[in-house]
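Novice: return atomic coordinates for the entry below.
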Amino acid sequence: MMMKIYKSMRRTLLICLWLSSSFAVFAQERVVSGTVKDETGSAVPGVNVLVKGTTSGTLTDASGQFKINAKDADVLLFTFVGYAATEVPVGSQTNIDVSLKPDVTSLEEVIVTGYSIDKRRELTGSVSTVKAKDLTFAPSGNVEQMLQGRVAGVTVISNGQPGTTSQIRVRGFGAFGGNQPLYVVDGVPTQDVSFLNPDDIETTTVLKDAASASIYGARAAAGVIVYTTKRGQRGNKKLSVTYDNMIGFTNPGSGQKMMNPTDFADWTWNAIKHTEDANAATAGVAPDYATAISKFNHPQFGKGLTPVLPDYLMVGGTPGVSGTVDLAAEKLKYNIDPRNGSTYQVIAANKSGTDWYKEITDNAPVVRQTLGFSGGGEHHRFYLGLSAQDQKGILVNNSFKRYAFRANTEFDVSKKLRIGENLQFTYRQALGISGANGGQGIAADENDILSAFRMPSIIPVHDVFGGYAGTTAKGFNNPRNPVATREGIANDRIFQGSGFGNVYAELDPIPGLTLRTSIGGNYSQFGQRNYSRWQYENSENNSAFGFGQSSGYSLAWTFTNTATYKKVFGDHAIDVLAGQEALNTGAGWNLSSSGLNPFSWDPNFINITNVGSRVTNSNQFKGVTFSSYFGRANYVFKEKYILGAVIRRDGSSRFGANSRYGVFPAVSAAWRISSENFMQSLSFVSDLKIRGGYGSMG
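Specialist: As a prediction, this is how the structure comes out:
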């Protein structure tokens, strides 16, 4: 009996102990909340709050507040770009308020420069970086334009057309010829970065002086801009999905103020009077305006001491008609198709004035969307990006579209060997660009905005019966109707497809030594068709309907091999790089053909076969081949005194055998004064460095 009672009591006691321990375990995990602020006391939204050592986490809301499940023994990790990571033990707390501090370790920031990754604090050259977030909000389709105003010494000249190329100047003009910088994307050099999606960029580095850019030799005379694209993070086994969306628009404004028709006529007369004033002053007599004006008979404003605005600028072949016109009878004679004989138009005067700039412009929307997938494990990492951008220009029928797919991956073959790739495939379409060389020549070329400011406002956009009006009405010189020009390119089309990237392998044979080999390339192809109207509305017209087609392709390649050795010996640190590179800037073919007056003006039936006066041209280009060897050595003592040296030997197929090679050296030094003992009392100085260098580029 006593044994049964004992067993019953023991069982009851064990149950109570189990329940109490379970309650203790359950009681440990609870909801912890709080607010995250910056050094000024302002709430910080979007801060990552993570239970350290786990994948359990959350983000602060718009008010900087968060809630997360945690246990007594947990540690909360708070991270945010630009601020130092903060760790807070949970303990018995249920409310945790955190104040983030700026990341003073930004001096440890690593920067992608010439074939390597370096610490900012150990740089001796002039290098600037641009944060990725600064490249994502501007309403532009080109990452070049997004550098404007963000890097000291870098000037971006853009004409504002979507899809156009920009002129980049790094510290002014460095050569008599081309002054465009060299671009390097994920280690592959290129002359064009229009394929890049801003949301895919991770880092942007501008190498501005010889100490930093001489490693690229002959092509670095105008500076170097280095882009790296996003990659996943190792160790994070959780898939991360991001969606970036940018919506905006460009307002064309109102243009410059133009004369109304009455003012235009009055100032035409004033020109005659001022000419008479000058002639009379030369002859020493009083000006005779009546005689001077009587000798002048304007086709539209007549003659006399004051001009008279006509009701019709043209009726058939008669200019400057005042009074009523039998429009029913005139419509029977109307013809704006040159194939049917002489043109016959009736153009009414727009006495209230035509705003030509407003007629060819409109608000221009832009939409960019990017869907990104990233992640990784202990032995791999990846990033996949899908992006689309659709941007309209302020001019009629000017637009830009880009669709891109990016894949960046890296895998461990073994503990010492890694392989990876960075690839992007892009479709681009840029329509209605004015100016030669991708829009860069618009300042020197005739263009539609210039025509809009040259066209007198008394001319309407259309004639009485719906055709285009213009300077075929005599007395207005030779500007062309810009609305007709812009609408005339509505059926033009262009296709541009490209594949860009590289595959690489990295081997660490011994600690500190990394061997890397990379094969990169850029394949691009395009097809284009364009139409030119048979004009009738201008004083100077195209006298035929024109059609043209063109296509082409190019292939550039780069083969790079480097060996990097980094070692720290007490107060001494060395960083040595040696490499070899061979590349071709792009070889390919272009083919173009054109003709006149197809049997039909319908774009669905026009091709080169059914046009007359056919002309065909083609050209082949081999590109420029380079063979290069380069090296770099950096020495750092106590993180205070830094010495650097660079040398590169370039050989180019552009030159003859006797002058094919050039050597480009550079030396530099820096003194981090802020690390000296006598500077430690100056708490407001985080980093102060004196540096200098000498070198040659290009």
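Novice: state the helix or strand in which the residue lying closest to Phe500 once chain neighbours are set aside lies.
Specialist: Distances taken as CB to CB, 6 or more residues apart in numbering place Asn522 nearest to Phe500, at 4.8 Å, with adjacent residues excluded. Where you see a C-beta, it was placed from the backbone N, CA and C, and this is true even at glycine. Taking DSSP states H and E as the criterion, Asn522 maps to strand 513-532.
Novice: tell me what that strand is packed against?
Specialist: Other elements packing on strand 513-532 under the criterion 3 or more CB pairs under 8 Å, 6 or more residues apart in numbering; DSSP states H and E are strand 188-190, strand 493-507, strand 546-569.
Novice: for those strands, which one sits closest to Thr228?
Specialist: Closest to Thr228 of the helices and strands packed on strand 513-532 is strand 188-190 (CB to CB; 11.0 Å).
Novice: ok, back up a step: in the strand holding Asn522, what counts as buried?
Specialist: 514-516, 518-524, 526, 529-532 (16 or more other CB atoms under 10 Å).
Novice: try stretch 314-326
Specialist: Here stretch 314-326 shows Met314, Val315, Gly316, Pro319, Gly320, Val321, Val325 as buried, counting by 16+ other CB under 10 Å.
Novice: so what touches that stretch?
Specialist: Identification of contacts with stretch 314-326 by CB atoms under 8 Å, 6 or more residues apart in numbering yields 298-302, 308, 310-313, 330, 333, 344-347, 472-475.
Novice: looking at the chain, which helix or strand does the model trust least?
Specialist: Each helix and strand of the chain was given a mean pLDDT (mean pLDDT, DSSP states H and E); the minimum falls on helix 2-28 at a mean of 43.
Novice: next, the contact list for Thr275, please.
Specialist: Listed by CB under 8 Å, 6+ apart, the contact set of Thr275 reads Ala292.
Novice: can you check Asn48 too?
Specialist: Gly57, Leu59, Leu77, Phe78, Thr79, Phe80.
Novice: could the residues you listed be laid out in a markdown table, adding distance to Thr625 and neighbour count?
Specialist: Compiled in a markdown table, the contacts of Asn48 are given as follows (distance: CB to CB, whole Å; neighbours: other CB atoms under 10 Å):
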| residue | distance to Thr625 | neighbour count |
| --- | --- | --- |
| Gly57 | 51 | 16 |
| Leu59 | 51 | 13 |
| Leu77 | 51 | 17 |
| Phe78 | 53 | 23 |
| Thr79 | 47 | 16 |
| Phe80 | 47 | 20 |
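Novice: next one: Asn619 relative to Thr229, how far apart?
Specialist: Here Asn619 is placed at a distance of 33 Å from Thr229 (CB to CB, to the nearest Å).
Novice: what about the two, which has more around it?
Specialist: Thr229 (22 against 10; other CB atoms under 10 Å).
Novice: phi and psi next, for the more buried one.
Specialist: Dihedral angles of Thr229 (phi, psi; degrees, to the nearest 10) stand at phi -100, psi 170.
Novice: so what's it up against?
Specialist: Val185, Asp186, Leu196, Asp200, Ile201, Glu202, Tyr383, Arg406, Asn408, Asn422, Gln424 are the contacts of Thr229 under CB under 8 Å, 6+ apart.
Novice: please enumerate residues in contact with stretch 415-428?
Specialist: For stretch 415-428, contacts defined as CB under 8 Å, 6+ apart pick out 163, 186-187, 194-196, 200, 229, 400-413, 495-509.
Novice: give me that answer again for 7 Å
Specialist: Outside stretch 415-428, the residues that touch it by CB atoms under 7 Å, 6 or more residues apart in numbering are 186, 194-195, 229, 402-413, 496-509.
Novice: stretch 554-561 now?
Specialist: Stretch 554-561 is contacted by residues 187-189, 517-524, 579-588, 623 when judged by CB under 7 Å, 6+ apart.
Novice: now swap in stretch 612-619 and tell me
Specialist: If you take CB under 7 Å, 6+ apart as the criterion, stretch 612-619 is touched by Trp589, Asn590, Leu591, Ser592, Ser593, Ser594, Gly595, Leu596, Asn597, Ile608.
Novice: surely the third one is within a helix?
Specialist: No - with DSSP: H, G, I helix; E, B strand; the rest coil as the criterion, Leu591 is strand rather than part of a helix.
Novice: wait, the residue nearest to Phe500 touches Gln191, no?
Specialist: No - under the criterion of CB atoms under 7 Å, Asn522 makes no contact with Gln191, lying 9.3 Å away.
Novice: secondary structure element holding Lys358?
Specialist: Secondary-structure assignment from DSSP H and E places Lys358 in helix 356-360.
Novice: who does that helix touch, helix- and strand-wise?
Specialist: Secondary-structure packing of helix 356-360 (3 or more CB pairs under 7 Å, 6 or more residues apart in numbering; DSSP states H and E): helix 448-454, helix 482-487.
Novice: and the average pLDDT for the last one is what?
Specialist: The pLDDT scores in helix 482-487 average 96.
Novice: now swap in stretch 187-204 and tell me
Specialist: Computed over stretch 187-204, the average pLDDT equals 91.
Novice: quick one: buried residues of it?
Specialist: 187-190, 192-201, 203-204.
Novice: swap in stretch 272-281?
Specialist: Ile272, Glu276.
Novice: stretch 528-545 now?
Specialist: Neighbour counts over stretch 528-545 (16+ other CB under 10 Å) mark 529-538, 541-542, 544-545 as buried.
Novice: just those: which has the poorest pLDDT?
Specialist: Ranked by pLDDT, the buried residues of stretch 528-545 bottom out at Asn542, which has 90.
Novice: for that residue, give me phi and psi.
Specialist: Backbone torsions for Asn542, taken as degrees, to the nearest 10, come to phi -70, psi 130.
Novice: whichever of the contacts of stretch 314-326 end up buried, select them in PyMOL.
Specialist: To isolate the buried ones among the contacts of stretch 314-326 in PyMOL, judged by 16+ other CB under 10 Å, type:
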select buried, resi 298+300+301+302+310+312+313+330+344+345+346+347+472+473+474+475
